[in-house]
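K.L.:
Sequence and predicted structure below; questions after.
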Amino acid sequence: MKINYRIITLLLLIIFSGCRKKEDNSPLVQIEGKWVLVKITGGISGQGSPVTNKQEIIFHHGTYRLFVNDAEQLSASYTLKQTDTPDGKMWLLETGSQFKNYIEIKNNLLTMMPAEIIDANGAVYARVY
């Protein structure tokens with residue numbers, strides 16, 4: 001019996017090249033959830049400031065909610081888009097006309113820096129869920 005190596009090669013190629021679902025690591029997916037303020041950075045002195053109250057942010061299906069000491073301070077829809085800056089491409093978070101922040105998500109930490117204010121304080125939030 002003659003073995004057709006082309007058929008065997010084709011079958012092996014099909015078996016071992018199955019589809020894998022690509023994990024979505026975009027900030028739009030990563031930002032969903034609850035975050036608690038852990039650190040204030042920057043400012044004019046570069047020293048930051050102590051965290052003096054409990055601040056939480058919840059991102060859920062296009063809605064941004066800010067709580068300070070368990071009282072809701074803001075609820076708005078938000079958009080997230082990649083934009084060019086002098087420092088390269090960054091993600092810009094906009095909540096209507098309220099504010100614009102550049103964001104970065106690394107190791108379950110969300111860093112937010114105001115996009116329109118020079119030497120402003122930034123905020124670092126840790127993921128709760």
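P.N.:
It's in.
K.L.:
and the residue lying closest to E56 once chain neighbours are set aside, what does it touch?
P.N.:
Closest residue to E56 apart from its sequence neighbours, by C-beta to C-beta, 6 or more residues apart in numbering: F67 at 4.5 Å. Where you see a C-beta, it was placed from the backbone N, CA and C, and this is true even at glycine. Residues counted as contacts of F67 (C-beta atoms under 8 Å, 6 or more residues apart in numbering) are K54, Q55, E56, I57, I58, Q73.
K.L.:
strand partners of the helix or strand containing the fifth one, parallel vs antiparallel please.
P.N.:
The reference is to I58. In this structure, I58 is located in strand 55-60 according to DSSP states H and E. Partners of strand 55-60 in the sheet, by DSSP bridges, are strand 33-42 (antiparallel), strand 63-68 (antiparallel).
K.L.:
returning to that earlier point: could you identify the most distant pair in the contacts of F67?
P.N.:
Greatest spatial distance among the contacts of F67 (C-beta to C-beta): K54 and I58, at 13.4 Å.
K.L.:
number of nearby residues for the closest residue to V38 other than its chain neighbours?
P.N.:
Using C-beta to C-beta, 6+ apart and skipping residues adjacent in sequence, the residue nearest V38 is A126, 4.8 Å away. A count of nearby residues for A126, using other C-beta atoms under 10 Å, gives 14.
K.L.:
in terms of contact, does A126 touch V36 like I think?
P.N.:
Yes. Between A126 and V36 there is a contact under C-beta atoms under 8 Å: 5.7 Å.
K.L.:
if we can go back for a sec, more neighbours: K54 and I58, which one.
P.N.:
I58 (17 against 12).
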